[in-house]
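J.: here's my sequence, what's the structure:
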Amino acid sequence: MRHLRIATFVFPLLMAGAVAHATPSPAMAPDTLLLPETLVLPPLPDTFPAASVPLGDRRDYAEVKSDFPMWKGPFGPTWDSISAPYPEEVAWLRQAKFGFWVHFGPQAVGECGDWYARRLYQRDYPAYKAHLKKYGHPSQVGYKDVLRTWNPEHLDPEAYTRLFYEAGARYLFILGVHHDNYDLWNSRYQPWNSVNIGPHRDLLGEWAAAIRAQGMHFGITFHHEYTWWWWQTAFECDSTGPYAGVPYDGRLVYESAEGRWWEPYPLQWLYGINLREYKTMDEFVNRPEEGIFTRHQDYACWYTTQWALRIEDAIEKYDPDFIYTDGNTLQPFCGIRTGTGTRSNAAQRVIASYYNRALKKHGEVDVFSIVKFHPAGRRGIVTTFENTVPKGIKRDQMWIGEVPVGDWFYAEGIDYNAVSVVRYLLECVSRDGNCAVNIPIRPDGSLDSACVDMLHEIGAWMQVNAAGIYGSRAWRVWGESPLTPATMTPRGKLGRRQAEVPFTTGDFRFTLGADSALYAYCMQVPRAGETLVIRSLSRETAQVKAVSLMGSDAPVEWRQTRNALILSCPAEVEQCRITATFRIEVSR
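T.: Presented below is the predicted three-dimensional model:
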């Protein structure tokens, strides 16, 4: 059996299969979650040749029941137990509606978008060429070295939080750890973190303090479920060229670190271990299809436990309003797609503990968890729609549309366009959803001037139109269009493509405001004196009592017929930006 070398100091982790016991200090409050002090990696089997071991059939493996510490209460580690005691919805999320994503970390240094850390080891991607140019060949200088030198010196969470608030955001998504396995806080269970290595700053702590001071809500996002298969590219090598056959720096996981700068920080905690012996690990593009790492189930137990403890550590330190786990299947660690490798109830146990903690600390369950693609019909879990929206109104579970401006990490040539952001926001809220838009931050922590201009423009629009956004619900229909199929904001990352959609003055999106008024957003600003026809507001649908133009005191001439509401636009309509929004009082 091959044993990976552990650093000379003991870093807190839990041995797979062991029960954690922590001894509280005399000053420790009785309502404190007792997290384990230490743990070590389990013994690891010898590494077999690449693609020599078939993945196990997930149906042959029972779900492993985790035993890491959790808060006690009415929520238990099953989806049914999480759903049953949960309230219908979280009131603050309904009110907030609009937020921004801070999907920022060291992968921004590639300036080539998402997944830089994985793709710098893949010759067919721009990240590989960018890394060669900036750092050198990945067999000599890998991602570990990127982390050591990363310094976002211009990152100012306090100033950015204020800017985001002025742009209309009322909550923020803050990246805690991406697939690169690097924690952006003073992590108790991951030595590869932003306090130990790189900026030497507790970035998550800085964001949390700034957001609370601004009176906003925030959640922490965790993407490290992927890490163990996502990092397998670091164990490969070039197939041609001057470095053909020279393994990338993932090989250093299996070499002595004595005398090297990373000696205090074991590399297996960053890159994981070589799992390329399993078939398809070198073949998939974005994620495996499904299967179990059959020879590494002790390691899987350790891995899922460490995954969970890192989340619990962040919850205890920063008390977030929600937590987020990434993925493209029903839950983390289910043996399918992004959950490939093992089956575990670690996610259910973390979420149940989080909700019990809220009851203990806040007196109510005022928090939620995002599990992407989790099925509707259960309370307590919010889902997301990435780069798109549902086809119609979706009321069966709370949901958030999430999309980046340009890309999830910074890239060159981003088109900063407020029109695309507002249009996506309206596609979300008109369908009863919420919206979170990622704002790209440069590697040094600064914002492009065009990005700041975009945020100011969004803020100006929100100042006029926010009454139909905050606290709103979907109306009877999400919108209308003179065309069939209806003209829609196209899916995808935001930019010129969404801003240049040829909407007409016959295209509307609707929301029902917290004040019970109907808000009709004309997706193309009309001309003064132009006649607008809203067919969704016939006399048979609702009785219109009054109509006004948001941002203007000018009267709006209108009449309601059997078939539609007909408006005559005042001259002031031409002062509108992005949309012309009408507040309509209806009696039913």
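
J.: what's the burial count for Ser256?
T.: Ser256: 9 surrounding residues under other C-beta atoms under 10 Å. C-beta: built from backbone N, CA, C; applies to glycine.

J.: that should have said Phe75, apologies.
T.: Neighbours of Phe75 under the rule other C-beta under 10 Å: 27.

J.: which residues does it contact?
T.: 81-82, 85-86, 351-353, 355-356 (C-beta atoms under 8 Å, 6 or more residues apart in numbering).

J.: swap the cut-off to 7 Å and go again
T.: Contacts here follow C-beta atoms under 7 Å, 6 or more residues apart in numbering; on that basis Phe75 touches 81-82, 85, 352, 355-356.

J.: could you look up the SS state of Thr304?
T.: helix (DSSP: H, G, I helix; E, B strand; the rest coil).

J.: that one contacts Phe333, correct?
T.: Yes. Thr304 is within contact range of Phe333, at 5.7 Å (criterion: C-beta atoms under 7 Å).

J.: for the closest residue to Asp156 other than its chain neighbours, what are phi and psi?
T.: Nearest residue to Asp156 in three dimensions, chain neighbours excluded: Gly445, at 7.2 Å (C-beta to C-beta, 6 or more residues apart in numbering). Dihedral pair for Gly445: phi 90, psi 0, per degrees, to the nearest 10.

J.: pull the number of nearby residues for Gly445.
T.: The number of residues near Gly445, taken as other C-beta under 10 Å, comes to 20.

J.: give the contact list for it.
T.: Per C-beta under 7 Å, 6+ apart, neighbours of Gly445: 152-155.

J.: what about the helices in the stretch 401-550 of the chain?
T.: Residue ranges of the helices in the stretch 401-550 of the chain, as given by DSSP state H, counting those that start in this stretch, are 418-429, 449-465, 496-499.

J.: same check, this time on the chain
T.: In the chain, the helices defined using DSSP state H lie at 79-83, 91-96, 116-119, 126-134, 143-149, 157-166, 203-214, 227-230, 268-271, 297-318, 346-362, 418-429, 449-465, 496-499.

J.: which elements pack onto the last one?
T.: Of the remaining helices and strands, those touching helix 496-499 by 3 or more C-beta pairs under 7 Å, 6 or more residues apart in numbering; DSSP states H and E are helix 418-429.

J.: tell me who's in contact with the residue nearest in space to the middle of the chain.
T.: Geometric centre of the chain, nearest residue: Thr221, 5.5 Å, by C-alpha atoms, centre = their mean. Thr221 makes contact with 173-176, 324, according to C-beta under 7 Å, 6+ apart.

J.: try 10 Å
T.: 101-103, 173-178, 320, 322-326, 370, 402 (C-beta atoms under 10 Å, 6 or more residues apart in numbering).

J.: try Gln575
T.: 464, 525, 528, 549, 551-552, 554.

J.: go through stretch 31-49 and flag the buried ones.
T.: Of all the residues in stretch 31-49, those buried under the rule 16 or more other C-beta atoms under 10 Å are 33, 35-36, 39, 41-42, 44.

J.: same check on stretch 207-220?
T.: By neighbour count on 16+ other C-beta under 10 Å, the buried set for stretch 207-220 is 207-208, 210-211, 214, 216-220.

J.: repeat that for stretch 409-425.
T.: Applying 16+ other C-beta under 10 Å to stretch 409-425 flags 409-411, 414-425 as buried.

J.: so who does Thr505 touch?
T.: Residues near Thr505 by C-beta under 10 Å, 6+ apart: 482, 522-527, 530-533, 569, 573, 580.

J.: cool, Glu312 as well?
T.: 33, 35, 68-71, 188-189, 323, 349-350, 353-354, 357.

J.: which among these gets closest to Pro440?
T.: Nearest to Pro440 among the contacts of Glu312 is Ile323, at 23.1 Å by C-beta to C-beta.

J.: tally of neighbours for the nearest residue in space to Glu290 that is not next to it in sequence?
T.: Among residues not flanking Glu290 along the chain, Ile336 sits closest, at 4.5 Å (C-beta to C-beta, 6+ apart). Neighbourhood size, Ile336 [other C-beta under 10 Å]: 19.

J.: ok, the residue nearest to the centre of the chain to Gln560 distance?
T.: In this view, Thr221 and Gln560 are 46 Å apart by C-beta to C-beta, to the nearest Å.
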